[in-house]
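> structure, please.
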Amino acid sequence: MERRQPLTEVQNECFVRRKVQKTYGKKGKASAALESAKQIFIMPDDIVKKMAEVTIEEDQEPETQPSRAAAVLSQNHKKTGTTQSSDNYVPKAKAAQKPKVKSRVSLRKSSGRVSRLSDTLDKDALSKVDVHQPEHFSPEYDAIYSFAEQYSQHPILSFQAYAEFLASRCDIKKVGEGAFSSVFAVTSKPGANVAQSHHTVNDLKVLNGTTIFKVIPITMPGQEHRDDTTALPKIISEIQTMDMMTTTYGFINYRDVIICAGLWHESFLSAFRTFKTAQSLKADNDDPEEVFGSNQYYALLEMDDAGTEVADIRRPSDFQIFDIFWMTTMHLANGEITREFEHRDLHLSNVCIKPHNPMEDRMDVDEDTASKMIEPPKHLLGMSNIGVTLIDYTFSRATLPADETSRWTRKPINCQEPPKAFPDITKNTDLETRMQSWTYEKCRKMVQTNYAVLEKRNLNRDQKFGRVLQPWDMSWFKTNVCWLGHLLTCLLERAGTGPRTRYVKRSSKLAKEVQDEMRISLTEVKELLTVQRDNVNSLPSSATALLALGVEKGWVKQDDINGFRDKLEES
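As a prediction, the model looks like this:
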């Protein structure tokens, strides 16, 4: 992961519409809140300089050429010496498209590039991995090959061959499941056959760290809807969201997507089955060898390792809860301002943590610090050494500039309807599952009610194009606040109320007082955010507004936010 750029404070009026800035802050409606917010909004120094240098480039007129599917089929004919049969459909060449306007400005360090695991391991060997050769084509298959051509750095590969390439150089372990997907951690083996030449610092970080692959089965052309696959437009939306949020602090670093097809390799099957046995409560997906055939396509989303799920913390301390909650709030506020972002599925498994400073192998206040605390700490936020990352944007909503018009025209992406309340909730169901179900229902009713008002007043239209926006296309930042309430309630429930479970071991008298004050403030926030399912009017309008209210109420201090900014500059 590249080193983040130094940050500079700016006023929110200067950059609300900018596309890819890294900022933290709040934007209240009252002038007092706005004045306070000006102290919080920050962005990298290099962005401030680049904002005046943004130019619009035009793509070159593309040449008329056969589709990706036709090209692969043509290669197959050359290798086998066969001619086209009536069973093999060759799509016609696509007409040349009009030039598009590019509006994206890369904010990665100019001295580096995106380091992808496969290229870093051995780019020459990767180029020799077998390309998938389908048995036949239909017109619908063009969508998959066009998807690969546009979003991936590689051709469509044989799943068996690509998995063999990884397994010979890496250890593969399944670590979780997403919506209709399986998540694997891939770590290069010590002494593996890895090409060592021309490695940048970012390459070495990838080689020495863990890479995450999210394997998503693609709904096949002409296939009826099934629960264990995902339609291509939904995958594209998730990739667009991940790619857009990569430059934003607190969001997962997305690298690439690799399209594979065919049967699963034994290395991935073994990892899948080991997880199924060891984590039976978390493993809902069926064995892929039993449900998918040799002509199944997959999207393998490659990204950085975000760390441990918050759901794995059984007894969090007040220091941990304070950091996790307020850092998550700041990340969401940042996403609201820069991308009109809503997560819409922020349960405990979609918030990940790892040591902010990897040199300190801890994610809580250590006992020595707690026992020797004789003066109030200057900064509370960050004392646990936790770094928070939000993951899994399957149901998230963000805003992307529309390239085909002008750079200021924006369009919503990834606006599929979030899950509904669980139908089998009972009094015997655990609290966190009930809370998750209630949050789905609370967000849904809020959106439906507010959308009906806008629809009645004819305010649910895109003013530039006159397009009617559907309920989940629109920005409803209050959904972020609902999920923050869910997160905080679950964390406090896990922490318990007894002093033996609450305090960090060997805490001094002052350390206990500090933890008591943190618990009081967190409980006040929880009471504000814990509302009845049908009543969300009392909630802050957004995570940004909640952050402003937190400073006003003294729940989180301005010095904490400034200190958090300083830590980001060091990361």
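> immediately after the lowest-mean-pLDDT helix or strand in the chain, which helix or strand?
Here the helix or strand of the chain ranked lowest by mean pLDDT, DSSP states H and E is strand 101-102, holding a mean of 30. Using DSSP states H and E, the helix or strand that follows strand 101-102 towards the C-terminus is helix 117-126.
> now do that next one: which elements does it pack against?
helix 159-167, strand 181-188, helix 201-208, strand 254-261 (3 or more Cβ pairs under 8 Å, 6 or more residues apart in numbering; DSSP states H and E). (Glycine included, C-beta is placed from N, CA and C.)
> so which of those is the most packed in?
strand 254-261 (a mean of 24; mean count of other Cβ atoms under 10 Å).
> measure stretch 355-370 end to end?
Stretch 355-370 has its terminal residues 18 Å apart, counting by Cα to Cα, to the nearest Å.
> could you give the mean pLDDT of that stretch?
Averaged across stretch 355-370, the pLDDT comes to 88.
> who touches that stretch?
By Cβ atoms under 8 Å, 6 or more residues apart in numbering, the residues outside stretch 355-370 that reach it are 308, 317, 319-320, 353-354, 382-387, 503-508, 511, 567, 571.
> check the offset of it from the chain's centre.
Computed by Cα atoms, centre = their mean, to the nearest Å, the chain-centroid distance of stretch 355-370 equals 25 Å.
> try stretch 487-504
27 Å.
> what confidence value was assigned to G387?
So G387 comes in at 93 (pLDDT).
> tell me what it is bridged to.
Here G387 sits in beta bridges with K354, going by DSSP bridges.
> how far away is it from R494?
Computed as Cβ to Cβ, to the nearest Å, the G387 to R494 distance reads 20 Å.
> the two - which one has more neighbours?
Neighbours per residue, other Cβ atoms under 10 Å: of G387 and R494, the larger number sits with G387, 23 against 18.
> for the more buried one, give me its contacts.
Contacts for G387 were tallied using Cβ under 8 Å, 6+ apart; they are 307, 327, 353-356, 571.
> which one among these gets closest to F422?
Ranked by distance to F422 (Cβ to Cβ), the contacts of G387 are led by I353 at 26.0 Å.
> quick one, what contacts that closest one?
Counted by Cβ under 8 Å, 6+ apart, I353 has contacts 307-308, 310, 313, 324, 363, 386-389.
> from those, which would you call buried?
307, 310, 313, 324, 363, 386-389 (16 or more other Cβ atoms under 10 Å).
> make TSV from those and add distance to A283 to it.
TSV is the format used below for the buried ones among the contacts of I353 (distance: Cβ to Cβ, whole Å):
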residue	distance to A283
G307	21
V310	19
I313	20
I324	25
M363	26
I386	27
G387	28
V388	26
T389	23
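> let me see the contact set for F325.
484, 487-488, 491, 522, 525.
> gap between the helix or strand encompassing it and the chain center?
Using DSSP H and E, F325 maps to helix 318-339. Computed by Cα atoms, centre = their mean, the chain-centroid distance of helix 318-339 equals 14 Å.
> quick check, L529 in contact with L487.
No. Using Cβ atoms under 8 Å, L529 is not in contact with L487; the gap is 9.2 Å.
> between those two, which one's more packed in?
L487 (24 against 21).
> the more buried one contacts H343, correct?
No. In this structure, L487 is not within contact of H343 by Cβ under 8 Å, at 10.3 Å.
> and I236, what pLDDT?
90.
> and it, that's in a helix?
Yes. The assignment for I236 is a helix, going by DSSP: H, G, I helix; E, B strand; the rest coil.
> hmm, back to that, nearest to I425, of the helices and strands packed on helix 117-126?
Between I425 and these, the tightest spacing by Cβ to Cβ is seen for strand 181-188, at 24.3 Å.
> can you give the domain ranges for the chain?
Taking automatic domain parsing as the domain assignment, the ranges for the chain are 7-55+310-570, 71-80+113-305.
> could you list which of the contacts of F325 belong to helices?
484, 487-488, 491, 522, 525 (DSSP state H).
> helices and strands around the longest helix anywhere in the chain, which ones?
In the chain, taking DSSP H as the definition, the longest helix is helix 431-456. In this structure, helix 431-456 packs against helix 478-495, with contacts taken as 3+ Cβ pairs under 8 Å, 6+ apart.
> so what's the gap between the helix it packs on and the chain middle?
With Cα atoms, centre = their mean, you get 18 Å for helix 478-495.
> how about stretch 285-304?
Using Cα atoms, centre = their mean, the offset of stretch 285-304 from its chain centre is 20 Å.
> check which residues of that stretch are buried.
For stretch 285-304, the neighbour count (16+ other Cβ under 10 Å) marks 285, 288, 292, 296-304 as buried.
> next, the distance between the ends of it.
Chord length of stretch 285-304, first to last residue, is 23 Å (Cα to Cα).
> keeping just the C-alphas, turn the helix holding F325 into PDB.
Extracted C-alpha coordinates of helix 318-339, given in PDB (Å, rounded to 0.1, in the frame of the first residue of the first chain):
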ATOM      1  CA  ASP A 318     -13.800   1.000  26.100                       C
ATOM      2  CA  PHE A 319     -10.600   2.200  24.400                       C
ATOM      3  CA  GLN A 320     -11.300  -0.100  21.500                       C
ATOM      4  CA  ILE A 321     -15.000   0.800  21.300                       C
ATOM      5  CA  PHE A 322     -14.200   4.500  21.300                       C
ATOM      6  CA  ASP A 323     -11.700   4.100  18.500                       C
ATOM      7  CA  ILE A 324     -13.800   1.800  16.400                       C
ATOM      8  CA  PHE A 325     -16.900   3.900  16.600                       C
ATOM      9  CA  TRP A 326     -15.500   7.300  16.100                       C
ATOM     10  CA  MET A 327     -13.000   6.200  13.400                       C
ATOM     11  CA  THR A 328     -15.900   4.500  11.500                       C
ATOM     12  CA  THR A 329     -18.000   7.700  11.900                       C
ATOM     13  CA  MET A 330     -15.100   9.800  10.500                       C
ATOM     14  CA  HIS A 331     -14.600   7.400   7.500                       C
ATOM     15  CA  LEU A 332     -18.300   7.500   6.700                       C
ATOM     16  CA  ALA A 333     -18.400  11.300   7.000                       C
ATOM     17  CA  ASN A 334     -15.400  11.500   4.700                       C
ATOM     18  CA  GLY A 335     -17.200   9.200   2.200                       C
ATOM     19  CA  GLU A 336     -20.400  11.300   2.400                       C
ATOM     20  CA  ILE A 337     -18.600  14.500   1.600                       C
ATOM     21  CA  THR A 338     -16.300  13.200  -1.200                       C
ATOM     22  CA  ARG A 339     -18.500  10.400  -2.800                       C
END
